[in-house]
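Asker: The following block contains a protein sequence and its predicted model.
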Amino acid sequence: MERRMEREGEIQAALRLIFWFTLSSALAPVCASQHGIPLGVVKLWASAFGGEIKSISTKYSGSQLLQKRLVEAAEEAHLQHEENPDLQYEYFNAVLINEVDEDGNSVELGGEFLLEPNDHFNNLSVNLSLSVVQVPTNMYNKDPDIVNGVYWSEALNKVFVDNFERDPSLIWQYFGSAKGFFRQYPGVKWHPDEHGVISFDCRNRKWYIQAATSPKDVVILVDVSGSMKGLRLTIARQTVSSILDTLGDDDFFNIIAYNQEIHYVEPCLNGTLVQADRTNKDHFREHLDKLFAKGIGLLGEALTEAFTILNEFNQAGRGSVCSRAIMLVTDGATEMYDDVFAKYNWPERKVRIFPYLIGRESAFADNLKWMACANKGYFSQISTLADVQENVMRYLHVMSRPKVIDHEHDTVWTEAYVDSALKSKRGPNPMTTVAMPVFSTKNETVSLGILLGVAGTDIPIQELMKTVPKHKLGIHGYAFAITNNGYILMHPDLRPLYQEGQKRRKAHYSSVDLSEVEWEDTDDFLRTAMVNRKTGTFSMEVKRTVDKGKRVLSMHNDYYFTDIKGTPFSVGVALSRGHGKYFFKGNVSLAADLNHPDCLTYCNTDDNHEHRYLTQIQAIKLYLTGRKPHLKCDRELIQQVLFDAVVTAPLEAYWTGLALNKSENPDKGVEIAFLGTRTGLSRTHLFVAAEQLTNEDLLTADDYEGGFNADHFPLWYKRAAEQVPGTFVYSIPFSSARENKSVVLASTAIQLLDERKSPIVAAVGIQMKLDFFQRKFWTASRQVSTAKNTYLLRLNFISFCKGTGLFFGEAEGAVMNKLLLMGSFKRITLYDYQALCREYAGSSDSAHTLLDVSILYRHIMICFVHHRFLLEFNLYSWWNVDSTVNAQRRTMLVPCDTEYPAFVSERTIKETAGNIDCEGCLRTFVIQQIPSSNLFMVVVENKCDCSSSPPVTMEPIEIIYILLESLKMYRCDRLKFQKDRKRPDSCHPFHPEENAMECGSAVILSPMLVAAVFPFFTFLVSR
């Protein structure tokens, strides 16, 4: 056994030396090609990258196509169409296509619609020739307005198809109508939820609202007088909630309930407005259920309060500094309150009034409609819950009038969101939408400012990421982008899903702030500079976790950032010092044998339909032979990957020789050898038959962590690069279910030294069976007395025991505490602002139960084998754990902030010994680093009972904000606190040519009201 162990060590040493020698020899003639990238040059490169990503964004957004083709085509089609209330037209309804009745006949608005899987849409079945139309469940499919709009918008089909032919990289193209229907290309079938409902309404989507209207400040007044009891108050709550749905991140709002007194729905926000992000809107929705009706309604005081807030906020330069509106939700008004409007809003009428009359009675409708008409607003009456959605939407048409009359086709971009329909095997597929408004150009409608809808298309964030030259950023380098509100558009630390592999998205995943992932920047310098669209640099010490949080790295990052012209985004690049500054550059002329280079983008195969089905290998070969002259490829990167292929080719012969030598590896303990280079080249060799492999993840495309990919280097490559050259890193991969995969990975980095510069050019490694590795451990430690416990510890401090993970501090709390006191290891505190906690329904305890490994630990059994343990130190990915809970207690996942410890070794300490006093019994231990590895061996006497010593855990702790007098006060301050943001450049609050008499159609103006309004408007016009 000892001889076999020695032989195994010789194999590993030979593997490392021969590869090192091969690379060094091959690279000797090209040392002059070594390049250093000064930080100043990187700054210029970052700015250039911003320009490149802007160019790519423009192309993927199809913004020029949208403006010149989609928008013009839609406006022209509407111009040529004459409205026909009796129009009968059969169209392809997205829900009804391919549906048949009980007799096997196609249902109305269904019909046969050809759908075929398409890899460009992640194998979703689509129709590339036609679009489909989706109509919200609460609307009639054959309503005349819907049918007419669908009819004239059929003209967009040809433009959709032509756009996709011209630019195969386009994803979804669509037109959202102001009437409520949604035309989508390519055609795809929609499926209702379990209740038979499709709640999607395009007019509620952020891309629609942002494109249709300008940013706005809104105060919502809710009548809670005694007459609002019962169903009216229920309808009022739903109306307010629907209004909140129409507000976006560029808007600001507050809600005031009134009877004989004024009640702020959130008392701590008295006299102010807050940003309409999802967190704030959800907070207010919770308070709506606490409203109850009593007393009498004094609307005059409520209007005065609303005008005061809006005017003061605007004058102070806070909020949107654009459009302003008061939403009035009431069952009536006994007077017109013209004195209030004369004092605060006339003659400019910069604050629009939108009254919503709740209930069927119309006794006070004239007064409310007069308020709307006199203040450039719109009156609506809502009698039932079914009426809410459509009536609320009408105010958007009024708010869009100035933009329509100005005929400003402003391009808007949304924050990132996850398209669940296009979810890839590697996880969520984040998108951003670029959209533009579509206007009526008919002469008779110019002063009415009629918005027809919004045209848009989706840009996959991963397509933008392809522009990042990962091979130049170093192992830990990355690019990221944020919106004008500081929200993350793309960042490697963004976690949008509740659990890995699930489709369920976190409620606030699209509004994760940059400060929540780059949390070490406590002064928000980086965020503030990027939000304000500056170009510059920034440096700071950071802590990053790898292996899904199992290990922490301390690094110094240099950040370079700039704005992306023509968009509300800013882009940044982070480079870790020590990586990415130097790289080797080789040159070869032959087409070497490449293996799996699809991880990086060497050639852009999306520019042409006939290129889309090419693999990167095929594209490279066609490019090098000149058979596809129009292929756009990165010649420098191709040359480097070919160079790597030539240099690493001898390894194949070496591995084959080992496999043919029957005296080597007789018990098949070593299963796979593998190699990867910084250019994306990978090589693997099997020492056992494929069907005999203990675990195949390393060889499959599904192994996101183990294989090269466009987002980052594989985990085994990253970890090897952090060690001293010549050191092997050993680890046990775990599945998401916390089960080890019964194998051990060992990897080491290949660094070449030249004039004190040591770029990492590759990493090599092997996969061996776990039981094979364990036998080596037991054999080496067999001389240890059974009166001692023996542990094998990894540098970053977690244990494994026959496949069961256990933190060393849980098993040996007393020893762990002593090692921390001695300085052999140190504790580091990390923070997670995207964490999830379990909240038990009906529990009086406001604290959450964390999604952490503490519950898991309680169910772990320690494996005793003659008083010895096999331990591997890893920090578990607690944010992905779905812990077992009592089935009788209903729980829900809620966002929370947590802090959690990590432990790292002091590398200068190679060995140490100590003792612990356990209630008068002296217990000794020895810790010894294992040479050329990331492992420690710890031997502990077990003659003393130290169970009374508290364990050292890695349990995350929820951050409860009680720094002030009370949690309530702190939460209030958090609501009031507004981080820096950049307002959109475009603003269209009002227009002098607006036809303000288009102010509501639910109730016909009475002769008395006409008589009252006409002199008023004559007065305003005369001014």
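Answerer: Nice, thanks for sending it over.

Asker: CA atoms for contacts and neighbours, from now on please.
Answerer: Noted.

Asker: can you tell me how far the closest residue to Lys294 other than its chain neighbours sits from Ile262?
Answerer: Setting aside the residues directly before and after it, Lys294 is nearest to Gly226 in space (C-alpha to C-alpha, 6 or more residues apart in numbering), at 3.9 Å. To Ile262, Gly226 is 14 Å away according to C-alpha to C-alpha, to the nearest Å.

Asker: go on, His611?
Answerer: From His611 to Ile262 the distance is 65 Å (C-alpha to C-alpha).

Asker: before we move on, back to that, looking at Gly226 and Ile262, which has the bigger crowd around it?
Answerer: Ile262 (19 against 15; other C-alpha atoms under 10 Å).

Asker: pLDDT below threshold where in the stretch 751-900 of the chain?
Answerer: Along the stretch 751-900 of the chain, segments meeting pLDDT under 70 span 753-758, 781-806, 840-891.

Asker: give the contact list for Ala913.
Answerer: Counting by C-alpha atoms under 8 Å, 6 or more residues apart in numbering, Ala913 touches Thr924, Phe925, Val926, Ile927.

Asker: nearest to Tyr356, of those residues?
Answerer: Tyr356 has its nearest neighbour among the contacts of Ala913 in Ile927, at 74.5 Å by C-alpha to C-alpha.

Asker: Could you report the neighbour count for the closest residue to that closest one other than its chain neighbours?
Answerer: Distances taken as C-alpha to C-alpha, 6+ apart put Val938 closest to Ile927, at 4.4 Å, once the chain neighbours are dropped. Other residues within reach of Val938, judged by other C-alpha under 10 Å, total 22.

Asker: do you know how far Val938 is from Phe772?
Answerer: From Val938 across to Phe772, the span is 20 Å (C-alpha to C-alpha).

Asker: now Cys202
Answerer: Cys202 sits 58 Å away from Phe772, going by C-alpha to C-alpha.

Asker: what about those two, which has more around it?
Answerer: When Cys202 is set against Phe772 and neighbours are counted by other C-alpha under 10 Å, the residue ahead is Cys202, at 24 against 16.

Asker: that older thread, using a markdown table, lay out the contacts of Ala913 together with neighbour count, secondary structure and pLDDT.
Answerer: As requested, the contacts of Ala913 are exported to a markdown table (neighbours: other C-alpha atoms under 10 Å; DSSP: H, G, I helix; E, B strand; the rest coil; pLDDT from 0 to 100):
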| residue | neighbour count | secondary structure | pLDDT |
| --- | --- | --- | --- |
| Thr924 | 18 | strand | 89 |
| Phe925 | 18 | strand | 89 |
| Val926 | 15 | strand | 87 |
| Ile927 | 22 | strand | 87 |
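
Asker: how about the residues you listed, which pair is most distant?
Answerer: Using C-alpha to C-alpha, the two most remote members of those are Thr924 and Ile927, lying 10.5 Å apart.

Asker: Skipping its backbone neighbours, what lies nearest Glu335 in space?
Answerer: Using C-alpha to C-alpha, 6+ apart and skipping residues adjacent in sequence, the residue nearest Glu335 is Asn367, 6.2 Å away.

Asker: Next up, the contacts around the one you found.
Answerer: So Asn367 contacts Ala333, Thr334, Glu335, Met336 (C-alpha under 8 Å, 6+ apart).

Asker: Please repeat the previous calculation with a cut-off of 7 Å.
Answerer: Counting by C-alpha atoms under 7 Å, 6 or more residues apart in numbering, Asn367 makes contact with Ala333, Glu335, Met336.

Asker: Am I right that it falls within a helix?
Answerer: Yes - under DSSP: H, G, I helix; E, B strand; the rest coil, Asn367 sits within a helix.

Asker: ok, so what distance separates Ala479 from Leu526?
Answerer: For Ala479, the distance to Leu526 - C-alpha to C-alpha - is 14 Å.

Asker: looking at the protein, which helix or strand is least sure?
Answerer: helix 854-857 (a mean of 29; mean pLDDT, DSSP states H and E).

Asker: What's the first helix or strand after that helix?
Answerer: Later in the chain than helix 854-857, the nearest helix or strand by DSSP states H and E is strand 891-905.

Asker: count of residues packed around Met892?
Answerer: When neighbours are defined as other C-alpha under 10 Å, Met892 has 11 of them.

Asker: In the sheet, which residues pair with it? Tell me.
Answerer: Beta-bridge partners recorded for Met892 (DSSP bridges): Glu839.

Asker: just the helices in the stretch 301-450 of the chain please.
Answerer: 338-344, 365-374, 388-406 (DSSP state H, counting those that start in this stretch).

Asker: Highest mean neighbour count out of the ones you listed?
Answerer: When you average the neighbours per residue for each of those (mean count of other C-alpha atoms under 10 Å), helix 365-374 leads with a mean of 25.

Asker: what sits against Val404?
Answerer: For Val404, the contact set (C-alpha under 7 Å, 6+ apart) comprises Phe439, Gly449, Ile450, Leu451.

Asker: so Pro532 touches Asp980, yeah?
Answerer: For residue 532 the amino acid is Asn, not Pro. No - counting by C-alpha atoms under 7 Å, Asn532 does not reach Asp980; the two are 8.2 Å apart.

Asker: Tell me which of the two has more neighbours.
Answerer: More crowded of Asn532 and Asp980, by other C-alpha under 10 Å: Asn532, with 20 against 15.

Asker: Now that one. Nearest residue, chain neighbours left out?
Answerer: Leaving aside its chain neighbours, Asn532 sits nearest to Lys982 (5.9 Å; criterion: C-alpha to C-alpha, 6+ apart).

Asker: Next, the one you found: secondary structure please.
Answerer: Secondary structure, three-state DSSP: Lys982 is coil.

Asker: That one and Ser570: what is the separation?
Answerer: For Lys982, the distance to Ser570 - C-alpha to C-alpha - is 11 Å.

Asker: Who has more neighbours out of those two?
Answerer: The residue with more neighbours, out of Lys982 and Ser570, is Ser570; 28 against 18, by other C-alpha under 10 Å.

Asker: Quick check: chain neighbours aside, which residue is closest to the more buried one?
Answerer: Counting by C-alpha to C-alpha, 6+ apart, Asp563 is the residue found nearest to Ser570 once chain neighbours are left out, at 4.1 Å.

Asker: does the one you found really touch Asn532, like I thought?
Answerer: No - using C-alpha under 7 Å, Asp563 makes no contact with Asn532, being 8.6 Å away.
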